[in-house]
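> Quick one, fold the following:
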Amino acid sequence: MLERKLTNDYIRGLIDGEGTFTFTTSRNYAGIKIKVPAFQLRMHIRDLDLVEGVRDHLGLKSKVYTYHHPGKDGANRGPYAMLIVREIGNLKNTIIPFFYNKLAGHKATQFREWLENIRDDPMVPKTYDILYRLHENGYYAKNPKFD
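Below you'll find the predicted structure:
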């Protein structure tokens, strides 16, 4: 249970340090390898409540996964709690508007490059092009959903 209510600014700061805008790989129905845009927050298992709090604050139904992956290098890593958002509707209606023009430094660059790669990477299914087109046409800038 979280000790305090999360704010939009707190979550953006947390993501600036601990989150990532990335791609996951999978196979489509024809068995062809594809890349799916994803937002990810991964933290040590001791912060499971915080990761769940971020999910709940954003109104997402996504599962928070817990796992232990020691790695191939023999390092003793602890278990993790991870929120990963890949669903096009959640990316389009929640994740992108929440972070759009509200990040600074490297994370802002990573976010912009992620949007551009959604358009440019031939392994990303064309159904995800809507995410970049809304950005390119100024939709997110003109219609801020979150303060």
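> C-alpha from now on. contacts and neighbour counts both.
OK.
> Checking residue 145 next. Helix, strand or coil?
Three-state assignment for residue 145 (DSSP: H, G, I helix; E, B strand; the rest coil): coil.
> Give me the below-cutoff pLDDT ranges for the protein.
70-71, 74-76 (pLDDT under 70).
> now for the lengthiest strand in it, which elements pack on it?
Looking across the chain with DSSP state E, the single longest strand is strand 33-44. For strand 33-44, the elements it packs on are helix 8-18, strand 19-27, helix 48-57, strand 80-85, judged by 3 or more CA pairs under 8 Å, 6 or more residues apart in numbering; DSSP states H and E.
> The longest one: which residues count as buried?
This points to helix 8-18. Neighbour-count burial for helix 8-18 flags 11, 12, 15, 16 (criterion: 16 or more other CA atoms under 10 Å).
> Could you do the third one as well?
Neighbour counts over helix 48-57 (16+ other CA under 10 Å) mark 48, 50, 51, 52, 53, 54, 55 as buried.
> Adding distance to residue 102 as columns, could you present the residues you listed in CSV?
Output for these, formatted as CSV (distance: CA to CA, whole Å):
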residue, distance to residue 102
48, 25
50, 21
51, 20
52, 22
53, 20
54, 16
55, 18
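> Count the neighbours of the residue nearest to residue 81 when sequence neighbours are not counted for me.
Leaving out its chain neighbours, the residue that sits closest to residue 81 by CA to CA, 6 or more residues apart in numbering is residue 66, at 4.5 Å. Residue 66: 16 surrounding residues under other CA atoms under 10 Å.
> Surely residue 66 and residue 84 touch.
No. Using CA atoms under 8 Å as the test, residue 66 is too far from residue 84 to be in contact (11.3 Å).
> picking up where we left off before, out of the helices and strands packed on strand 33-44, which comes closest to residue 117?
Across the helices and strands packed on strand 33-44, residue 117 has its closest neighbour in strand 19-27 (9.4 Å, CA to CA).
> Would you mind pulling up the elements that the closest one packs against?
strand 33-44, helix 105-120.
> re the thing from before, quick check, nearest of the buried residues of helix 48-57 to residue 5?
residue 53 (8.5 Å).
> Starting from residue 113, give me the distance back to the closest one.
27 Å (CA to CA, to the nearest Å).
> do the same with residue 86
Distance from residue 86 to residue 113, by CA to CA: 17 Å.
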